[in-house]
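Asker: just to be clear, the model below is a prediction. Sequence and coordinates:
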Amino acid sequence: MNIAIKKDQWINLAIIAVVLWFIWFASSHFDEYTIRILNNIAIFIILAASYNLINGVTGQFSLEPNGFVAIGAYVTALLLVTPEAKLYQYAIVDPYPFVMTLHANFVTALLLAGTFSALLALCLSFPVFRVRGDYLAIVTLGFGFIIKILAINNPEVTNGSLGLNDIPEFSNLYWTGGIAIIAVIVVLNIVNSKFGRAMKAVRDDEDAATAMGVNTFKAKTLAFCTSAFFEGVGGGLLAALLTSISPDLFDFFFTFQLLIIIVLGGLGSTTGAIIGTVLVIGGSEWMRFLDEPMKFLSYETTAMPGMRMVVFSLILIFIMLFAREGIMGKRELKDLFKSKKKGDK
C-alpha cells in the first residue's frame, strides 16, 4: 500500500512538473492571443474545480458562482485601482471617502477577495441549507441576481452600470496557472479526506448520512465556503486580466457556462472539470474560424457569425448523448491507470 501511495505521489509530482514547464514554455513562446486564451482557461479551471466541489461532490444544486465571482472581481478592482483613476471614473456620483482610501498589492487583494466571498458564503449557509434540491437552486440563483442589482444601484462604491476601468493588468500565465494548480490540489485533498467522504455521503443520500452521524450541515458549509473562496479569487484574477469590469459581465450566463463545464466533464470529477474547461473555453475560441469566410475547393462561403456556436453546441449534444455521466463521470485521472485484479467486477 505504501508503494502505491508513493507511486501516486510521484505521478502527481510529474503532472505538476509538466504543467509548470508548459506554463513557462507558453509564456516564452506563444503569441499574445494564445496566452490570453490560456489565461482564461486557467481562471475557469479555478472556478470549475471549486464549483464542482459544492455541485458535483456534495450534490447541492447551487447556482451562485456569478455572485461570488462578482464580489471577488469588485473587491480586487477597488483595491488595485489607484485613487487618481477612481476620481475621474465615478461620473454618476462621487465615491464614498473610504473607497478612495482602499489600496493593496495584488496578492493581498486576491486573498481579501477570496476571504470576503468565503465569509459571505458562511453567513448565507445558515438560511440557504434549510432547503434542498430545486429550492436550493432558486435561493442561490436569487443571490446572484441580488449581487448584480447591488452593483448597479450602489454607484458610490461600484460606479454603477459604468463599472470600473483602468484596473492594473497583473494576471499573467504564472499567476493564473499557479493558482489553478493550488486550487486543484486543495480541492482534491478535500475530496480525498474525511470531509470529502462526508460530502459524498450527503450527495448519495443526505438522510442516510444524517442517520449515520454525519454532520451534513458542516460538510455542505465547508464545500460552500471553499467554493466561494476560490470563486472570489478567480473573480479577482479575471478583473486583473480584463482590466475592466461591469455588472453585466456577471449575469446568469456566467453560472450557466460553469454548469455546462462541470456537467460535460462529469459531476464529482475534478479531472472532468479541467477537461470540460479546456473543451468549452478553449474550444469555443479556437473554432472562431467557422465564423469567417471559408473556401471549399472552388466554392467560397460568406462570413457566418455565430456558426461556431452552432457547431460547438452540436458537439456538446453528441458528447452528452454518448457519455450520460459526462466525459469522466465521477472518476479522476488516477482511476484510469488502475488495473482490475482477478475477481473484481
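Answerer: All right, it came through fine.
Asker: from here on, contacts and neighbour counts on C-alpha atoms
Answerer: Will do.
Asker: any low-confidence regions in the protein?
Answerer: Counting by pLDDT under 70, the chain has low-confidence residues at 1-8, 291, 294, 296-298, 301, 303, 336-345.
Asker: just give me the residue right at the centre of it.
Answerer: Compute the mean C-alpha point of the chain, and by Cα atoms, centre = their mean the closest residue is residue 47, 1.0 Å away.
Asker: you'd agree that residue is in a strand?
Answerer: No: Residue 47 is assigned helix when assessed by DSSP: H, G, I helix; E, B strand; the rest coil, not a strand.
Asker: once you drop chain neighbours, what's closest to it?
Answerer: Residue nearest to residue 47 in three dimensions, not counting chain neighbours: residue 231, with 5.3 Å by Cα to Cα, 6 or more residues apart in numbering.
Asker: hmm, the one you found is touching residue 65, no?
Answerer: Yes: Residue 231 is within contact range of residue 65, at 6.7 Å (criterion: Cα atoms under 8 Å).
Asker: ok so, going back, what distance do you get for the residue nearest to the centre of the chain to residue 262?
Answerer: Look at residue 47 and residue 262: by Cα to Cα, to the nearest Å, they are 10 Å apart.
Asker: again, but for residue 249
Answerer: For residue 249 relative to residue 262 (Cα to Cα), the value is 20 Å.
Asker: which one of these two is surrounded by more residues?
Answerer: For residue 249 versus residue 262, the count of surrounding residues by other Cα atoms under 10 Å is larger for residue 262: 29 against 14.
Asker: next one: that one from residue 287, what distance?
Answerer: Taking Cα to Cα, one finds residue 262 at 21 Å from residue 287.
Asker: with residue 325 instead?
Answerer: For residue 325, the distance to residue 287 - Cα to Cα - is 25 Å.
Asker: stretch 58-78: how far from the chain's middle?
Answerer: 9 Å (Cα atoms, centre = their mean, to the nearest Å).
Asker: which of residue 231 and residue 65 has more neighbours?
Answerer: Neighbours per residue, other Cα under 10 Å: of residue 231 and residue 65, the larger number sits with residue 231, 34 against 30.
Asker: what's near enough to touch the more buried one?
Answerer: When contacts are counted by Cα atoms under 8 Å, 6 or more residues apart in numbering, residue 231 is found next to 46, 47, 50, 51, 65, 68, 69, 72, 114, 117.
Asker: closest one to residue 125 out of the residues you listed, please.
Answerer: Closest approach between the contacts of residue 231 and residue 125, by Cα to Cα: residue 117, at 12.1 Å.
Asker: check contacts around the closest one.
Answerer: Going by Cα under 8 Å, 6+ apart, residue 117 touches 68, 71, 72, 225, 228, 229, 231, 232.
Asker: list the contacts of stretch 244-262.
Answerer: Contacts of stretch 244-262 (Cα under 8 Å, 6+ apart): 44, 47-48, 51-52, 56, 63-67, 69-70, 73-74, 141, 144-145, 148-149, 151-152, 160-167, 239, 272-273, 276-277, 280.
Asker: tell me which stretches of this structure form strands.
Answerer: Applying DSSP state E to the chain gives strands spanning 295-296, 299-300.
Asker: mind putting those strands into CSV with distance to residue 35 and mean neighbour count?
Answerer: As requested, these are arranged in CSV below (distance: least, Cα to Cα, whole Å; neighbours: other Cα atoms under 10 Å):
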stretch, distance to residue 35, mean neighbour count
strand 295-296, 28, 8
strand 299-300, 31, 8
